[in-house]
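# Any chance you can model this:
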Amino acid sequence: MSEAQRIFKSLGLGTRMRKPDFLKNKKPVAETSANTPAQLDFFKIEDNKAERKRKVQQSSDESKKKKLKKEEETKETKENDEEEEKKVILPIALIHLTNTQNEPSEEEENEEEEEDENALSTDDINLIRQENLINVSGEDVPPPITEFSQLSEYNVKQTLINAVGKCGYTQPTPIQMQATTAMLKGREVIGIAPTGSGKTMAFGISLLSNLRQPKKNGFRAVIISPTRELATQIHREINGLAEKTNQKGWKVCLLAKAAQFVPEMARSFNTKYDILVTTPLRLVHMVSTGDLQLSSVEWIIFDEADQLFDASFVKQVDDILGACTSGSLKVCLFSATLSNEVEHIARTVQKNPVKINIGAVNTATSQVDQSLLFVGREEGKILAIRNMIQEGQFKPPVLIFLQSKARALELFHELIYDGINVDIISAERTQQQRDTTVAKFRSGDIWVLITTELMARGMDFKGVELVINFDLPQSITSYIHRVGRTGRAGRRGKAVTFYTETDIAVLKPIAEMMRQSGCKDIPSWLLEKSGKKKKDTEIAPKRKEDCLE
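The predicted model follows:
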C-alpha cells in the first residue's frame, strides 16, 4: 500500500462507505468543505478555479474593453493629431512649394554671388567720385560707371554701347559716369559740369536707352537749347549716335527754322519722330498754334539751363512744360553754371532730382590754361594780338570775344588787313550766313573767328586751341562759358584775358575764379585787392565802339 493510500485509509477515505439513513430521505445539499483542510478541499479548489476562471475571463473582458476603448481613444487622438498636423503641415508645404518654385537655380545663384562680388562697396563708390571730382546730392543715387561696358548692367543694348565707341568715346567723362546711371534709373537730373565735358552724350545715351526702340506715336523726348547754333550741334550729335546703333527707325528732328514746317505737315510730323531738338521760342509758337503735340513726351532736357530758366526765357519754359501732359514726364537740366536762384526755380518742376556737380561749383574747366594779360589801354589790345602772332603764341583755330558787334567788326577789319584768315559771326547776320561761317571754322577754312556773347554758350568747336577775351566778359558765368570753348573732350586748351587799367576794379572775381580752377600764376595783389563786390550779373565797363581809341 502506498503512502497515499494509508493516509486516505486513516482518514476513512480509502474505503467505500454506505450512505447513512438520515441522509437517505434528505434532499441533496451543496457539498461543503467547511471543515476540510484547505489543501485537501477539492470542491473549494474547483470552485476557486471556476471563480478564478470567471474573474480571469471578466478581467480579460474588462481588459479587452479597456484595450478596445484605449484603441478607440488612441485612434480618435491620432485622427485629431493628424487633423491638426494637416493644418500645420499644409501651409508649410505650400510655402515650401512656393519657395521651391521661386528658388533660383544653381546657375542663377552663382550669377547672383558673382554680382555681389562685383558690386561696389560704399567706400569704392565714394573713392571713384572723389577721384573724378563728382559731387552728388539726392536720395538713392545710383553708383557711377567707370567703363561704358558697364552700361549693360542697366539694360542698355550692346548695339548702343558699341555706337558710343563709334562716336569716338573710349572712356566716360565724369558727368557721363554719373548722369547716365541716374537717368537710366528713371531719375530726374540737375547736371552741372564744365563746358566740353560730354553732357550731350550723357543724356543722349540715356534717352535712346530709355525710349528703347522707335515708335510712331508722337515725340517722346524733347531737347531745348537757347540758340539755333547749339540746337543744330545737339541734333548732329544725337542723330549720329542713333544712326550708329544700326537700329532702323530712329527719327531725330531739328526744328530751328520756320521754313522747316508748314501746317499741312502737322499730322505726319507729330507721329514720325521720336526726339525733337529745338529752341524755346520756336517750340512755343508751334504748340500755341496747335501744330505740335507734346502729350506723349516722356523726357524733356534743358541744355544751358541757367540761361533757359533766366527771366528772358522762363515764361516760354513754363508754356512748354504746361503742354507736356504725360504723367510720366521727367525733367532734366544740364549746364556749365547754375545759380542758386535758377536751381530753386528748376526744382519746382522736378520730383526728387539727383544733383550732380563736377569739380568746384561754378568754376572754369581745369583743362584750360588760363592767364591774364595787362595791355594798358584799349589800343594795347591790337598790339598784344600782333605780338602773340610774332611770338608764335597765336595758334589757330582761335576764338576772339568782344563786347559788342561794332567792336567785333572793327577788330575784323584790323586783322584782315594783316592778312589773317579771319571771319566774324554775330546776331545781325542771317542764319544761313552764320551756319556757313561756323561750318568753315569747323573745317579749318577759317582760322580766326571773331564773335560776341552769341558763340559763348554750348557751341562745340573740337580742336579750338586758343580763346582770347579781347574785352572783359560781362559776368563770371560768361567767363566760364567763353573759356569753355577750348579744352573740350579731354583736350587741353589755352585762354588769355586782356585787361586795362579801367578793368582792374572789376577783375578780382575773375582772378579768384582762375585760382579755384587751378591757375597759379595770378598776381597776389590782384587777389588781395579790396573794393566793391561785383554781382555776377553786373556788366564790365562800357567800351568805346572804336577799339583803337
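
# Can you classify M513 as helix, strand or coil?
Three-state call for M513 (DSSP: H, G, I helix; E, B strand; the rest coil): helix.

# Check whether it really touches T477, as I assumed.
No - in terms of Cβ atoms under 8 Å, M513 does not count as a neighbour of T477; the distance is 10.1 Å. No exception for glycine: its C-beta is placed from N, CA and C like everyone else's.

# What's the separation between I416 and I450?
According to Cβ to Cβ, to the nearest Å, I416 and I450 sit 10 Å apart.

# okay, the most centrally placed residue in the chain: pLDDT?
For the chain, A182 is the residue whose C-alpha lies nearest the centre (Cα atoms, centre = their mean; 1.7 Å). As summarised for this prediction, A182 has a pLDDT of 98.

# cool, D81 as well?
pLDDT at D81 comes out at 58.

# do the same with T437
pLDDT for T437: 87.

# got a list of what it touches?
Listed by Cβ atoms under 8 Å, 6 or more residues apart in numbering, the contact partners of T437 are 423-425, 429, 446, 449.

# which element is it on?
Assigned by DSSP states H and E, T437 belongs to helix 431-443.

# do T363 as well
Assessed by DSSP H and E, T363 sits outside every helix and strand.

# residues in contact with it?
194, 480, 513, 516-517.

# G198 is in contact with Y169, correct?
Yes - between Y169 and G198 a contact is recorded at 7.3 Å, counting by Cβ under 8 Å.

# shared neighbours of the two, anything?
With Cβ under 8 Å, 6+ apart as the test, Y169 and G198 both reach Q176.

# quick one, which of the two is more surrounded?
G198 (23 against 18; other Cβ atoms under 10 Å).

# separation between the more buried one and K381?
34 Å.

# ok, now L308?
33 Å.

# same deal with L466?
Taken as Cβ to Cβ, the span from L466 to K381 is 15 Å.

# Tell me which of those two has more neighbours.
Taking other Cβ under 10 Å, L466 and K381 do not tie; K381 has more neighbours (25 against 21).

# how about the more buried one, secondary structure?
Classification of K381 using three-state DSSP returns helix.

# That one contacts I468, correct?
No - using Cβ under 8 Å, K381 makes no contact with I468, being 9.0 Å away.

# what do these two both touch?
Here K381 and I468 have F498 as joint contacts, going by Cβ under 8 Å, 6+ apart.

# Tell me which helix or strand comes right after the helix or strand where K315 lies.
Element membership of K315 [criterion: DSSP H and E] is helix 314-323. Remark: after helix 314-323, the chain's next helix or strand is strand 330-335, criterion DSSP H and E.

# contact partners of the helix or strand just after that following strand?
Later in the chain than strand 330-335, the nearest helix or strand by DSSP H and E is helix 340-347. By Cβ under 8 Å, 6+ apart, the surrounding residues in contact with helix 340-347 are 190, 302, 305-306, 309-310, 314, 331, 333, 338, 353, 355.

# Helix 340-347: how far from the chain's middle?
21 Å (Cα atoms, centre = their mean, to the nearest Å).

# rewinding a little: which of the contacts of helix 340-347 tops the neighbour count?
A305 (29 neighbours).

# any idea how far the closest residue to that one other than its chain neighbours lies from M201?
Nearest residue to A305 in three dimensions, chain neighbours excluded: L333, at 3.7 Å (Cβ to Cβ, 6 or more residues apart in numbering). Look at L333 and M201: by Cβ to Cβ, they are 16 Å apart.

# Same check on M183?
Separation of M183 from M201 (Cβ to Cβ): 12 Å.

# just W447 next, same as before
Applying Cβ to Cβ to W447 and M201 gives a distance of 28 Å.

# Strands of the chain, residue ranges please.
Counting by DSSP state E, the segments of the chain that form strands are 134-137, 189-192, 221-224, 252-255, 275-278, 299-303, 330-335, 354-358, 368-376, 398-401, 422-425, 448-451, 466-469, 493-500.

# Columns distance to V342 and mean pLDDT on top of these, output as CSV?
Shown next, in CSV, are the strands of the chain (distance: least, Cβ to Cβ, whole Å; pLDDT from 0 to 100):
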stretch, distance to V342, mean pLDDT
strand 134-137, 16, 95
strand 189-192, 10, 96
strand 221-224, 15, 96
strand 252-255, 25, 90
strand 275-278, 21, 95
strand 299-303, 10, 97
strand 330-335, 8, 96
strand 354-358, 13, 96
strand 368-376, 24, 92
strand 398-401, 23, 94
strand 422-425, 27, 91
strand 448-451, 24, 92
strand 466-469, 24, 94
strand 493-500, 24, 93
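
# would a markdown table of the ones you listed with distance to I175 be doable?
Listed next are the strands of the chain as a markdown table, based on distance: least, Cβ to Cβ, whole Å:
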| stretch | distance to I175 |
| --- | --- |
| strand 134-137 | 8 |
| strand 189-192 | 6 |
| strand 221-224 | 16 |
| strand 252-255 | 21 |
| strand 275-278 | 19 |
| strand 299-303 | 12 |
| strand 330-335 | 8 |
| strand 354-358 | 5 |
| strand 368-376 | 17 |
| strand 398-401 | 23 |
| strand 422-425 | 28 |
| strand 448-451 | 26 |
| strand 466-469 | 21 |
| strand 493-500 | 18 |
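
# With adjacent residues omitted, what lies nearest to G518?
Per Cβ to Cβ, 6+ apart, closest to G518 is S366, 4.9 Å.

# ok, that neighbour touching I358?
No - contact criterion Cβ under 8 Å: S366 and I358 do not qualify, at 10.2 Å.

# Tell me which of the two has more neighbours.
A count of neighbours by other Cβ under 10 Å puts I358 above the other of S366 and I358, at 24 against 17.

# What residues does that one make contact with?
When contacts are counted by Cβ under 8 Å, 6+ apart, I358 is found next to 132-135, 174-175, 192-194, 197.

# mind redoing it with 7 Å?
133-134, 174-175, 192-194, 197 (Cβ atoms under 7 Å, 6 or more residues apart in numbering).

# Of those residues, select the buried ones using a PyMOL command.
Buried residues among these (16 or more other Cβ atoms under 10 Å), as a PyMOL selection:
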select buried, resi 134+174+175+192+193+194+197
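
# May I see the contacts of I358 arranged in CSV, with distance to Q158 as well?
Converted to CSV, the contacts of I358 look like this (distance: Cβ to Cβ, whole Å):
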residue, distance to Q158
L133, 30
I134, 26
P174, 24
I175, 23
I192, 31
A193, 27
P194, 30
S197, 25
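
# any idea which of the contacts of I358 is closest to I205?
Compare each of those with I205 using Cβ to Cβ and the shortest gap goes to I175, at 11.4 Å.

# and that closest one, how far is that from Y499?
31 Å.

# returning to what we had before: ok, M183 and M201, which is more surrounded?
Neighbours were counted for M183 and for M201 using other Cβ under 10 Å; M183 has more, 26 against 23.

# contacting residues around that one?
Taking Cβ under 7 Å, 6+ apart, we find M183 in contact with 189, 203, 206, 210, 332.

# quick one: the helices in the stretch 51-200 of the chain?
Ranges of helices within the stretch 51-200 of the chain are 106-118, 122-131, 158-166, 174-184, 199-211, based on DSSP state H, counting those that start in this stretch.

# Looking at the ones you listed, which one is packed in the most?
Ranked by mean neighbour count, the helices of the stretch 51-200 of the chain are led by helix 174-184 with a mean of 26 (mean count of other Cβ atoms under 10 Å).

# got the CA positions of that one in CSV?
The C-alpha trace of helix 174-184 is given here as CSV (Å, rounded to 0.1, in the frame of the first residue of the first chain):
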residue,chain,number,x,y,z
PRO,A,174,32.8,112.3,-65.0
ILE,A,175,29.4,113.7,-66.0
GLN,A,176,28.8,110.7,-68.2
MET,A,177,29.8,108.3,-65.4
GLN,A,178,27.1,109.6,-63.0
ALA,A,179,24.4,111.3,-65.1
THR,A,180,23.8,108.2,-67.3
THR,A,181,23.2,105.8,-64.4
ALA,A,182,20.9,108.3,-62.7
MET,A,183,18.8,108.8,-65.9
LEU,A,184,18.8,105.1,-66.7
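
# Brilliant, that's me finished.
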